[in-house]
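Engineer: Have a look; sequence and predicted model below, questions after that.
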Amino acid sequence: MLKRIIPSLLLRGGRLVKGVNYADHRDAGRPDTTARAHNAQGADELLLIDIDASREKREPDFVSVAAVARACFMPLTVGGNIASVETAQRCMNAGADKICVTTTALDDPGLIGKLAHVFGAQAIVIGIDVTTAAAGRRLYDHRTGKAVPGLVWKEWLKRAVGEGAGEVRLMAVDREGTRTGLDMALLEEASGLVEVPIILEGGAGSLDQVADAMRKGADAVALGTMLVFSDNNIFKVKSFLKNAGLEMRL
């Protein structure tokens, strides 16, 4: 299977933002302009998450979703308080190819199966946000900024895939935006539990780290800060990975 590089775009108020550990967000440009640039450079997919939708208890920004979809010709995954088949269908109608559910699946695990039944498992990505502290790894809820009580992340990962998710977006929250390195141990733990593709995200700081993650089992790596606030671009990243012996689309 070819490895993938997926730009991770965080949407707030019609603009893209990028932060550290899910906080301190800075402006990162227009969604459609950024999507067009990633498309021209050869990104394999795009991930677009409306980060305020859950906290504000609203549907995703469909206007921005449609603008991004028009600007690119690659699979587009959309997330942000998608709590029903109807909302997911509106995302698809706006141009999404896949749906990413994270906290809404925690609230209603049966939602995963409902979405998979309508759109197919291959179109459903489960977001697993994990934070690491002295007490160990815990699921993280960005709405409260705290660990999810009473739910073991490994058990939730297995259940979510069992419910019908066809792909996993695995986020190391403590590393998000820091460029301190991808969490290889977290990847190894998750890879041993499920057989669906895993998108690893959080902490990528060098091309060597991305290559290492792919060699150790990541089917894709989602990049945010590394693309926004450095001299890297998709073409440079994929060329490096191909030269490193990884099977990439170019």
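Structural biologist: Cool, the structure landed.
Engineer: Name the nearest residue to C72, sequence neighbours excluded.
Structural biologist: N39 (4.0 Å; C-beta to C-beta, 6 or more residues apart in numbering). C-beta here means a position set from N, CA and C on the backbone, and glycine is covered the same way.
Engineer: What of A43?
Structural biologist: I234 (4.8 Å).
Engineer: What count of nearby residues applies to the one you found?
Structural biologist: I234 has 20 neighbouring residues, counting by other C-beta atoms under 10 Å.
Engineer: Contact partners for it?
Structural biologist: I234 makes contact with I5, P7, H38, Q41, G42, A43, L227 under the criterion C-beta atoms under 8 Å, 6 or more residues apart in numbering.
Engineer: from the middle of its chain, how far away would the helix or strand bottoming out on mean pLDDT in the chain be?
Structural biologist: Across the helices and strands of the chain, mean pLDDT, DSSP states H and E gives its lowest value to strand 23-29, namely a mean of 72. In this view, strand 23-29 has its centroid 17 Å away from the chain centroid, taken as C-alpha atoms, centre = their mean, to the nearest Å.
Engineer: swap in stretch 193-205?
Structural biologist: With C-alpha atoms, centre = their mean as the basis, stretch 193-205 stands 9 Å off its chain's centre.
Engineer: repeat for stretch 59-66
Structural biologist: With C-alpha atoms, centre = their mean, you get 17 Å for stretch 59-66.
Engineer: likewise stretch 219-230?
Structural biologist: Put simply, stretch 219-230 sits 11 Å off its chain's centre (C-alpha atoms, centre = their mean).
Engineer: If anything else comes up later, I'll come back, but that's it for now.
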